[in-house]
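Participant: quick one: sequence plus predicted model below, questions after.
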Amino acid sequence: MSKASVSMKIGSDGVAIITMSNPPVNALGPAVIAGLKEKYAEAMSRRDVKAIVLTGESGKFSGGFDISVFIEVQKTGDLSVLPEVSVDLVMKTIEDAEKPSVAAIHGLALGGGLELAMGCHARISTPDALLGLPELSLGVIPGFGGTQRLPRLVGLQKAIEMMLLSKPIKAKEGYRNGLVDTIAPPEELLTVARRWALAIAEGRKVWRKTLDRTDRLSALYETRQKLYAFRKDAERTPNMPQNQLCLDAIEEGIVHGGYAGVLKVPNITGVGLRPRPIRKVAIIGGGLMGSGIATALILSDIHVVLKERDPAFRGLKTVEANLKGLVKKGPLTQEKMRKALSFIKGVLDYSEFEYVDMVIEAVIENAPLKQTIFNEVEKSCPPHCILATTTSTIDLNIVGKNTNSHDRIIGAHFFSPAHVMPLLEIVWSEKTSPQVILDLMNIGKMMKKVPIVVQNCTGFAVNRTFFPYHHASALVLHLGVDPYRIDRVIRKFGMPMGPNQLADLVGYGVVSAANVIYSSAFKGRTFESNLLEMMIQDGRKGPEVKPSH
Ligand SMILES: C[C@@H](O)CC(=O)SCCNC(=O)CCNC(=O)[C@H](O)C(C)(C)COP(=O)(O)OP(=O)(O)OC[C@H]1O[C@@H](n2cnc3c(N)ncnc32)[C@H](O)[C@@H]1OP(=O)(O)O
């Protein structure tokens, strides 16, 4: 077999044609993978290259990872023959590169071959080329990000079918379902591909990363329902764990965003830190937020002590109601609910805080109260314990003012209802230790949350975005426009609910408290309306959420 290689030819149009060669199917062996990295690095460094077309020799794109390498490893146990095939090959080398790539596909693009093509910014193919991810038939799951990218190109249903059945499709079907951008006859393939690549580079065609695309994804609840059905189906093949693992990877990518699993936070991930085990969490406050977080934690098999002030333990009752709601809607079973409830205990003081790994303060948006709590908690918890606040707006340095533990203080901004909403805003100050940030990212993933890591400032990221929107609505309301009409217009625009209904759901007290903090931090840049105060004084506060910390 002739030596595997990757060549590059640069046209006068500024398009570099990078060609994989490894007969008979241009399999992605070590030499091809190394060659791709080398040629891409060269193409990125050359001023005479504007864009790249990636293709394969002898009428084939690529048959995927070189199976003979697997056989070699099975025979010898020598893992060193495995090339470095982290997802970075596709993401860093192709998808995130500063010059666009277009895949020119002919013959076949299978497994890692198709994954390379999906990392490109467009795919041109001959009509009868075979496209597929057959990895599950080999007992593995797509390892170059196919589980993350295929659903974003063809939609969840089709992507799962293609992977679970390991059944390739023809490119003309791929064109219909979004996997292929356009079809070209073999003799025109390279010409069409180079024109497309140039058009992207020159801004005449959209330059979009597959991992960023959501246009083919359904709403999260629909996704979860579909995945639930496929999981039930996969339970019939218990001896093929790769099926469930493939669904796990797909879900991770959809719920947590395409970069899930490769979430990179400078100086936090990839610097040798390892998340510490989290076994027990204390939550202070059993209101809407605290009980929601407690629900999410016990569903992730994490023990919780829920500190309330009122021996009626209304927060515990809310947790139970949350779980019953999930059983009623499915897929939570009665048995899993009973198991989750065994993970939670209501307390009225800090006596059980001695062995907790994290405390989450979930009381009302009142800085002095939070400062008192953190001062008390610092004395009751072990020195490694993470001290998290759910504040949506208050600067962390203010929250931790009365403590000597600024390195352990972090923002864990969940969104109500916390056992349902996937977003988790992780806020760190310049004093927060990288280990604590990584630990909270890990807990967020254990809770199946979408963690976004942002730096400390009033309002952080979400409320810095939310409040201008909220103030614009308050201005229009102040001018006398019907709040229901405002909400109808916003819902028609595409938001799940309008700003007035959202304020009602969250509670006017919470919105008002956050408003005061936000407006004082950005004096002169906000709209101050007294309508909310008037409603609160009139006893109309939104859902009755009594402080119960
Ligand atoms: C990165 C991760 O996602 C992991 C992966 O990519 S796993 C690999 C995924 N790819 C596949 O599973 C493709 C497997 N191959 C096939 O489906 C078929 O071989 C084919 C459709 C590519 C070609 O089929 P056909 O035309 O019928 O010819 P053969 O099956 O007889 O194959 C011809 C020769 O090609 C060799 N070959 C095929 N695929 C690979 C591969 N991925 N790696 C290495 N070699 C491959 C095959 O062994 C035959 O070679 P021979 O010397 O003639 O025996």
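Facilitator: Great, that's in hand. Owing to the predicted nature of the structure, the values given are computational and were not obtained by experimental measurement.

Participant: can you tell me the helix or strand for residue 325?
Facilitator: Following DSSP states H and E, one finds residue 325 within helix 314-329.

Participant: same question for that helix: list its buried residues.
Facilitator: Buried positions in helix 314-329, judged by neighbour count with 16 or more other C-beta atoms under 10 Å: 314, 315, 316, 318, 319, 320, 322, 323, 326. (Each C-beta comes from the backbone N, C-alpha and C, glycine too.)

Participant: which one of those is nearest to the ligand?
Facilitator: residue 326 (34.6 Å; C-beta to the nearest ligand atom).

Participant: can you pull the pLDDT of that closest one?
Facilitator: According to the prediction, residue 326 has pLDDT 92.

Participant: re the thing from before, dump the buried residues of helix 314-329 to CSV, plus distance to residue 210.
Facilitator: Listed next are these as CSV, based on distance: C-beta to C-beta, whole Å:
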residue, distance to residue 210
314, 47
315, 43
316, 45
318, 41
319, 39
320, 42
322, 36
323, 37
326, 32
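
Participant: residues of the stretch 251-400 of the chain that sit close to the ligand?
Facilitator: By C-beta under 6 Å from any ligand atom, no residue of the stretch 251-400 of the chain approaches the ligand.

Participant: show me what from the stretch 1-150 of the chain comes close to the ligand.
Facilitator: Neighbours of the ligand within the stretch 1-150 of the chain, by C-beta under 6 Å from any ligand atom: 24-25, 27, 63-68, 108, 110-112, 115, 134-135, 138, 142-144, 146.

Participant: counting neighbours, which of these end up buried?
Facilitator: 25, 27, 63-66, 108, 110-112, 115, 134-135, 142-144, 146.

Participant: next, the buried residues of stretch 409-421.
Facilitator: Here stretch 409-421 shows 409, 410, 411, 412, 413, 414, 415, 416, 417, 418, 419, 420 as buried, counting by 16+ other C-beta under 10 Å.

Participant: surely the fifth one is within a strand?
Facilitator: This means residue 413. Yes. Assigned with DSSP: H, G, I helix; E, B strand; the rest coil, residue 413 falls within a strand.

Participant: next, the contact list for it, please.
Facilitator: By C-beta atoms under 8 Å, 6 or more residues apart in numbering, the residues touching residue 413 are 390, 391, 392, 424, 425, 426, 427, 460, 462.

Participant: for the buried residues of stretch 409-421, could you give me CSV that also reports distance to residue 516 and pLDDT?
Facilitator: Below are the buried residues of stretch 409-421 laid out as CSV (distance: C-beta to C-beta, whole Å; pLDDT from 0 to 100):
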residue, distance to residue 516, pLDDT
409, 22, 95
410, 23, 96
411, 18, 96
412, 22, 96
413, 18, 94
414, 21, 93
415, 20, 88
416, 19, 83
417, 24, 86
418, 23, 91
419, 28, 91
420, 28, 87
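
Participant: please convert those residues to TSV, extending it with distance to residue 59.
Facilitator: TSV is the format used below for those (distance: C-beta to C-beta, whole Å):
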residue	distance to residue 59
409	61
410	55
411	55
412	54
413	54
414	53
415	52
416	57
417	55
418	54
419	53
420	51
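
Participant: out of the residues you listed, which comes closest to residue 199?
Facilitator: Closest approach to residue 199 among those (C-beta to C-beta): residue 415, at 39.8 Å.

Participant: and the residue of the stretch 101-250 of the chain nearest the ligand?
Facilitator: For the stretch 101-250 of the chain, C-beta to the nearest ligand atom, closest residue to the ligand: residue 111, 2.4 Å.

Participant: can you verify my assumption that that residue contacts residue 66?
Facilitator: No. With contact defined as C-beta atoms under 8 Å, residue 111 does not reach residue 66; the gap is 10.0 Å.

Participant: helices and strands of this protein: which one bottoms out on pLDDT?
Facilitator: Least confident element among the helices and strands of the chain, by mean pLDDT, DSSP states H and E: helix 88-90 (a mean of 74).

Participant: now the residue in the stretch 401-549 of the chain that the ligand sits nearest to: which helix or strand?
Facilitator: As assessed by C-beta to the nearest ligand atom, the ligand sits closest to residue 445 within the stretch 401-549 of the chain, at 22.6 Å. Assigned by DSSP H and E, residue 445 belongs to helix 434-446.

Participant: do the same with residue 59
Facilitator: With DSSP H and E as the test, residue 59 turns up in no helix or strand.

Participant: what residue is smack in the middle of the protein?
Facilitator: Against the mean C-alpha coordinate of the chain, by C-alpha atoms, centre = their mean, the closest residue is residue 256 at 2.1 Å.

Participant: what's the burial count for the residue nearest to that residue when sequence neighbours are not counted?
Facilitator: Leaving aside its sequence neighbours, residue 256 sits nearest to residue 450 (C-beta to C-beta, 6 or more residues apart in numbering; 5.0 Å). Neighbour count for residue 450, taken as other C-beta atoms under 10 Å: 18.

Participant: residues contacting the nearest residue to residue 216 once chain neighbours are set aside?
Facilitator: Among residues not flanking residue 216 along the chain, residue 155 sits closest, at 4.4 Å (C-beta to C-beta, 6+ apart). Contact analysis of residue 155 by C-beta under 8 Å, 6+ apart lists 177, 178, 216, 217, 218.

Participant: pLDDT score for residue 155?
Facilitator: pLDDT recorded at residue 155 is 95.

Participant: so how far is residue 403 from it?
Facilitator: 49 Å (C-beta to C-beta, to the nearest Å).

Participant: what's the domain layout of the chain?
Facilitator: Under automatic domain parsing, the residue ranges defining each domain of the chain are 5-262, 280-455, 462-537.

Participant: now those domains as TSV including distance to residue 274?
Facilitator: Formatted as TSV, the entries for these read as follows, by distance: least, C-beta to C-beta, whole Å:
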stretch	distance to residue 274
domain 5-262	16
domain 280-455	8
domain 462-537	28
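
Participant: sorry, back to before: can you flag which of the buried ones among the residues of the stretch 1-150 of the chain next to the ligand belong to helices?
Facilitator: Mapping those onto helices (DSSP state H) picks out 112, 115, 146.

Participant: of those residues, closest to residue 14?
Facilitator: For those, the nearest to residue 14 is residue 115 (26.5 Å; C-beta to C-beta).
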